[in-house]
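Colleague: task: produce atomic coordinates for the following.
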Amino acid sequence: MAVEILHILLVEDNPDDANLIYEFLNINDQFNIEFHREDRLANALRYLENNQPNVILYDLSLPDASGIQGFLTLHKKHPHLPIVILTGLDDNNTAVEAVSNGAQDYVNKNDIEPNLLARTIHYAIERKRAEAAVQEADRIKILAQTAVTAGHLINQPLQSILGYCDLLTTLKDIPPEKLAQYIQNIREAGVQISDIVSKMEKIERHVTATYVGHTDMIDLDASASENT
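Modeller: Numbering: from 1, shown residues only. Here you go, the predicted structure:
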């Protein structure tokens, strides 16, 4: 059975703690470790610009980021990466807050031992993968429902365009004012379709509304991002 290669980023300013964590990870034969350490949040963020570790071990007490705010900054910039919080004696409440805000787990550095650390890392990675799979399933569902909604909304202006095109090709001697009105109606229907397509491109969340026939579909106005 092949040993999994894990790229681990440790963000820890205490060299003794860092060495202990490194030794604990190397004791475990489940992983082949690629280990990188940074001692500042700013340095870790620069490292992550060009590197994608499998997991981040993040100390809550860094010289440039103490407490929850540093974690929130890291998580906001890299929400796809699993983060395990490393705490000291007085950090457990903050660690729980970090987990409620997106961290996968936390371990107290005073209680770390090799098997616990290995299990925590393994479960953090697996939970993040499961979370990503659920998010991808939700994204596909939204895309499918958006297509259904768009088809429903586009049908009316499309039928209007086709109807006026039929009139233009079958009627003879159309009065100029009628011709101008038909062309204007075609233009307005085209603008409607263009607006629907534009909203489809901006979908960022899933808000439904009830349409004709008591059918729930995505509400394009409510679901589209105003910032796109």
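
Colleague: where do the strands of the protein begin and end?
Modeller: Using DSSP state E, the strands found in the chain span residues 4-11, 31-38, 55-59, 61-62, 65-66, 83-87, 105-108, 208-211, 215-218.

Colleague: and these: which comes nearest Pro157?
Modeller: Nearest of these to Pro157, taken as CB to CB: strand 208-211 at 15.2 Å. C-beta coordinates here come from the backbone N, C-alpha and C atoms, glycine included.

Colleague: show me where pLDDT drops low in the protein?
Modeller: 1-4, 29-31, 89, 142, 203-228 (pLDDT under 70).

Colleague: what's the longest helix in it?
Modeller: As assigned by DSSP state H, the longest helix anywhere in the chain is helix 114-170.

Colleague: roughly how far is that helix from the heart of the chain?
Modeller: Relative to the mean C-alpha coordinate of its chain, helix 114-170 is positioned 13 Å out (CA atoms, centre = their mean, to the nearest Å).

Colleague: what residue in this structure is the furthest from its centre?
Modeller: The C-alpha centroid of the chain is most remote from Asp173, which lies 57.8 Å away (CA atoms, centre = their mean).

Colleague: save the strands of the chain as TSV, and put in mean neighbour count too.
Modeller: Formatted as TSV, the strands of the chain follow (neighbours: other CB atoms under 10 Å):
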stretch	mean neighbour count
strand 4-11	19
strand 31-38	16
strand 55-59	24
strand 61-62	20
strand 65-66	18
strand 83-87	24
strand 105-108	19
strand 208-211	13
strand 215-218	18
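
Colleague: any chance of those in JSON lines, with distance to Glu136 too?
Modeller: Output for these, formatted as JSON lines (distance: least, CB to CB, whole Å):
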{"stretch": "strand 4-11", "distance to Glu136": "22"}
{"stretch": "strand 31-38", "distance to Glu136": "26"}
{"stretch": "strand 55-59", "distance to Glu136": "20"}
{"stretch": "strand 61-62", "distance to Glu136": "33"}
{"stretch": "strand 65-66", "distance to Glu136": "31"}
{"stretch": "strand 83-87", "distance to Glu136": "20"}
{"stretch": "strand 105-108", "distance to Glu136": "22"}
{"stretch": "strand 208-211", "distance to Glu136": "20"}
{"stretch": "strand 215-218", "distance to Glu136": "18"}
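
Colleague: do you know which of the ones you listed lies nearest Lys202?
Modeller: Distance to Lys202, taken as CB to CB, is lowest for strand 215-218 among these, at 11.9 Å.

Colleague: what's the local residue count around Arg119?
Modeller: Neighbour count for Arg119, taken as other CB atoms under 10 Å: 14.

Colleague: ok, Glu23 next?
Modeller: Applying other CB under 10 Å, I find that Glu23 has 10 neighbouring residues.

Colleague: show me what contacts it?
Modeller: Contact analysis of Glu23 by CB atoms under 8 Å, 6 or more residues apart in numbering lists nothing.

Colleague: relative to Leu81, how far out is it?
Modeller: 24 Å (CB to CB, to the nearest Å).

Colleague: again with Asn54
Modeller: Look at Asn54 and Leu81: by CB to CB, they are 8 Å apart.

Colleague: repeat for Glu201
Modeller: Plainly put, Glu201 is 27 Å away from Leu81 if you go by CB to CB.

Colleague: neighbour count for these two, which is higher?
Modeller: Using other CB under 10 Å, the more surrounded residue of Glu201 and Leu81 is Leu81, with 19 against 10.
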